[in-house]
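**Q** I would like to see how this sequence folds:
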Amino acid sequence: MEDKVGVNATGLPFNSIVAVEIHKGDKINPLVNPGAIATTSLIRGNDSVAKWKEIQKIQSDFAGRPLSINRPVYRSEAGDNLRNQAIAHLLLAYNRIYFDPVQATDLYTKQCALNVNVKDLATMAATLANGGVNPITKNKVVSQTTVMYTLPVMATAGLYDNSGIWLFNSGLPAKSGVGGGILAVCPGKFGIAVISPPLDETGNSLKAQKVIQYVVEKLKANPYWITPK
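**A** Presented below is the predicted three-dimensional model:
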């Protein structure tokens with residue numbers, strides 16, 4: 001991942017084409033659109049059907065239940081994803097995408113249209129907090145190593161270009177979505193999620209940030225809160 005996609009925060013909006021151009025497709029990360037499309041292109045499978053099955057399975061394993069695609073949302077996004085298609089082709093120009101760019105973009109768009117509720121997101125966060133084992137199903141979804149490398153990227157890039165402010169205020173790795181959800185991970189302790197659609201200027205849920213920060217403060221769950229001995 002470090003070599004093929006990158007793990008650095010871009011400091012630019014999540015759908016920035018400039019970030020790709022400046023670094024020639026390098027120094028991005030899996031939690032912004034260019035890096036997410038490149039990451040999707042790396043999913044196991046010889047064709048788009050096999051890759052989609054893999055994506056749907058692992059997302060379902062994280063949620064602890066079968067997840068299905070929201071067809072109206074998918075059709076809406078697929079009909080208006082020209083910017084992401086442009087990003088994918090720009091990545092191709094710099095040899096930073098590893099599958100057909102049109103199909104990779106379509107797979108990414110499908111992934112964005114999987115239906116989840118707030119319990120699903122909290123279960124996903126709890127699975128990461130539990131070292132990759134779903135605490136409800138007890139199934140091992142990903143390895144401890146995968147979690148170890150995922151959480152730092154969430155901490156530095158999970159809330160787009162406001163990730164630094166988020167980490168300053170909460171101390172927790174987190175990931176937001178422009179649908180209004182945020183999930184956060186307190187490693188070894190708990191996962192938490194909130195869905196509230198109104199967004200701030202960077203695409204992050206306003207209320208979800210406040211709620212999670214409130215819980216973290218009340219529980220003294222910020223990992224940088226250290227009680228002297």
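**Q** so what's the spatially most central residue of the chain scoring on pLDDT?
**A** For the chain, the residue sitting closest to the mean C-alpha position, by Cα atoms, centre = their mean, is residue 31 at 4.8 Å. Residue 31 carries a pLDDT value of 94.
**Q** so who does it touch?
**A** 14, 153, 154, 157, 158, 160, 175 (Cβ atoms under 8 Å, 6 or more residues apart in numbering). Where C-beta positions appear, they are placed from N, C-alpha and C, glycine not excepted.
**Q** okay, strands next: where are they in this structure?
**A** 174-176, 181-186, 190-195 (DSSP state E).
**Q** let me have the ones you listed in JSON lines, extended by distance to residue 134.
**A** Below are the strands of the chain laid out as JSON lines (distance: least, Cβ to Cβ, whole Å):
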{"stretch": "strand 174-176", "distance to residue 134": "17"}
{"stretch": "strand 181-186", "distance to residue 134": "14"}
{"stretch": "strand 190-195", "distance to residue 134": "11"}
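**Q** so which of the ones you listed is nearest residue 35?
**A** Nearest to residue 35 among the strands of the chain is strand 174-176; the distance by Cβ to Cβ comes to 12.7 Å.
**Q** count of residues packed around the nearest residue to residue 104 once chain neighbours are set aside?
**A** In this structure, residue 104 finds its nearest non-sequential neighbour in residue 41, 4.1 Å apart by Cβ to Cβ, 6 or more residues apart in numbering. By other Cβ atoms under 10 Å, 24 other residues sit near residue 41.
**Q** tell me who's in contact with residue 41.
**A** 97, 98, 99, 101, 104, 107.
**Q** can you do 6 Å?
**A** 97, 98, 99, 104 (Cβ atoms under 6 Å, 6 or more residues apart in numbering).
**Q** and for the third one, the neighbour number?
**A** By that I understand residue 99. By other Cβ under 10 Å, the residues close to residue 99 number 22.
**Q** ok, it - contacts?
**A** Going by Cβ under 6 Å, 6+ apart, residue 99 touches residue 41.
**Q** and the last one, by the same measure?
**A** Shown in contact with residue 104 (Cβ under 6 Å, 6+ apart): 37, 40, 41, 88.
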